[in-house]
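>>> next input, structure requested:
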Amino acid sequence: MSRIVVGIDVSKAKLDVCLLREDGTEQYHQVANSAAGHQQLHRWLRQQTGQAVPVCLEATGIYGDAVACFLHQQGYPVSVVNPAPVKAFAAAMMKRHKTDKSDAQVLAHFRAHSRPTPWQPPSPNQSRLHDLKRLADDLQADRTRVKNRLEGSRAGSPARRYLEDQIAYLDKQLAQVQQEMQQQVEEDDKLDNQSRLLTSIIGIGLVSARQVLAELPDLTRFSSADELVAYAGLCPHQAQSGSQLKRSWLSKQGSAALRKALYFPALTAKQHNPHLRQFAERLSQTKKAKMVVVAAVMRKLLVLIYAILKSGHPYDPHYGFST
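Down below sits the predicted model:
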C-alpha cells in the first residue's frame, strides 16, 4: 500500500469521498458538489491528513471538472482516469454491489495500486473553446431535429412557418458560435499555431481543426501516440478463443467527442490525402468493411496529428509516411 490517497465518486449533486490510509483503513465523507462543498472537502482533507494527498476521480463529464480544478489549485495531485480500467479493477476486487460509496472506495484503491498520469487543467482559452464547441454540437443537434420535423410536416401545415423560423434562428446562432470559436483560436498564440499545423494536413479544414482542438487533451499527458489513440477509443479490441475466428472491433472506451471530431476529417482525408488514401485503398482491397476502413483512417489521422503537434512541423505530403 502506498501513501494516503483519496477516491471521489462524482455526481451532479454530491461528492462521495473515500480516504484510504497506509494501514488500509478507510474514512468516508460526503459533501455537496458545489463551490461551498469543495471548500468543505478541502478543510476536511486537511483536518484528516494535514497535507495535499493524491486524489483520484473518473472522467465522467462536466460534473467533475469544477472539483478537479479546485483541488488542483489547492495543490492536490489530481488524477482523472478512464472509467474502463476502474471498472476492470472493481471486478478484480470482486465488488458485488455498486453504490456511490463503493465507487469512491474502488477509486481510492485504484489510485493506491497504480500510478495514473497526473491531470492538468485546460487553459482558460482551451476551456472556452471546449464550451463553445459543445454548444455548437447542441445547436447542430437541435437544427437536425427541427429540420426532420419540418420535412415530415404536411404541405400547408401552420407549423411549417414556426419550424422554418426556428431553423433560421439556429443557423444564426451556429454562425455566431463558429465565429466566436475562430476568434478564440486566433487570440491564443498556442491554439492559433496548433490550428495552422492541423490545417496543413490534407483533410482538416478550419472548422474541423477547431473541433479537434476543443476536444484534444494536453498532449504532455501521453508518452506516445498509442496512448492518445487509446484515450480516443480508437484502438482495436480483439477476441479469439481456441480455434474460433478472431474478431476485431473498436474498443470505444474513450472520448466519443474526440472520435466524432475526427470522423468527417477522416472521410475527406480518405479521398484526398495521398498517404491516407493509399492506406484506405489497401485496407479496402482486403475486403475490410467500409466503417472499419474509416475507423482505421481516423486512427492514422490521430497519430499524424500527434506527430505534427509534438514536432511543431507542418504536414508534408511529399514526405514518406508509414501506412
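>>> C-alpha from now on. contacts and neighbour counts both.
Will do.
>>> could I get the average pLDDT for stretch 25-39?
Stretch 25-39 carries an average pLDDT of 96.
>>> give me the contact list for that stretch.
Defining contact as Cα atoms under 8 Å, 6 or more residues apart in numbering, one finds that stretch 25-39 is touched by 10-20, 40-41, 63, 67, 70, 101.
>>> residue boundaries of the helices in the stretch 101-250 of the chain?
In the stretch 101-250 of the chain, the helices defined using DSSP state H, counting those that start in this stretch lie at 124-152, 159-186, 189-199, 206-215, 225-232.
>>> need the least confident one among the ones you listed, by mean pLDDT.
Among the helices of the stretch 101-250 of the chain, helix 225-232 scores lowest, at a mean of 87.
>>> and the angle for it with helix 206-215?
90 degrees (axes from the mean of the first three to the mean of the last three Cα atoms, to 10 degrees).
>>> element containing Cys56?
Using DSSP states H and E, Cys56 sits within strand 55-58.
>>> coming back round to it: of the contacts of stretch 25-39, just the buried ones, ChimeraX syntax please.
In ChimeraX syntax, the buried subset of these is picked out as below (16 or more other Cα atoms under 10 Å):
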select :10,11,14,15,16,17,18,19,20,41,63,67,70,101
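>>> quick check: Ile116 touching Val78?
Let me fix one detail, which is that residue 116 is Pro and not Ile. No: with contacts counted by Cα atoms under 8 Å, Pro116 stays clear of Val78, the gap being 9.3 Å.
>>> hmm, back to that, of all the helices of the stretch 101-250 of the chain, which one is nearest Val293?
Between Val293 and those, the shortest gap by Cα to Cα is with helix 225-232, which sits at 15.7 Å.
>>> so which bits of that closest one are buried?
Within helix 225-232, the residues that count as buried by 16+ other Cα under 10 Å are 225-226, 228-232.
>>> over to stretch 96-106?
In stretch 96-106, the ones that count as buried by 16+ other Cα under 10 Å are 100-106.
>>> and of these, the nearest to Ala155?
Asp100 (52.0 Å).
>>> from Tyr28, how far out is that closest one?
Separation of Asp100 from Tyr28 (Cα to Cα, to the nearest Å): 11 Å.
>>> tell me the contacts of the closest residue to Thr199 other than its chain neighbours?
Residue nearest to Thr199 in three dimensions, not counting chain neighbours: Gly205, with 5.4 Å by Cα to Cα, 6 or more residues apart in numbering. Contacts here follow Cα under 8 Å, 6+ apart; on that basis Gly205 touches 198-199, 265.
>>> ok, back up a step: tabulate the helices of the stretch 101-250 of the chain in TSV, adding columns for distance to Ser255.
Output for the helices of the stretch 101-250 of the chain, formatted as TSV (distance: least, Cα to Cα, whole Å):
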stretch	distance to Ser255
helix 124-152	13
helix 159-186	21
helix 189-199	19
helix 206-215	8
helix 225-232	5
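>>> buried deepest among the ones you listed, which one?
Comparing these by mean neighbour count (mean count of other Cα atoms under 10 Å), helix 206-215 ranks first with a mean of 22.
>>> surely Val294 touches Leu267?
Yes: if you go by Cα under 8 Å, Val294 and Leu267 touch, sitting 6.8 Å apart.
>>> let me see the domain layout of this structure.
5-113, 124-187, 212-311 (automatic domain parsing).
>>> still on that earlier bit, so between Pro116 and Val78, which is more surrounded?
Remark: of Pro116 and Val78, Val78 carries more neighbours, 26 against 16, as counted by other Cα atoms under 10 Å.
>>> the more buried one reaches Glu58, doesn't it?
No: look at Val78 against Glu58 with Cα under 8 Å: they stay out of range, at 10.6 Å.
>>> show residues contacting stretch 100-110.
5-9, 16-20, 28, 55-58, 86, 89-90.
>>> now the buried members of those.
Buried subset of the contacts of stretch 100-110 (neighbour count, 16+ other Cα under 10 Å): 5-9, 16-20, 55-58, 86, 89-90.
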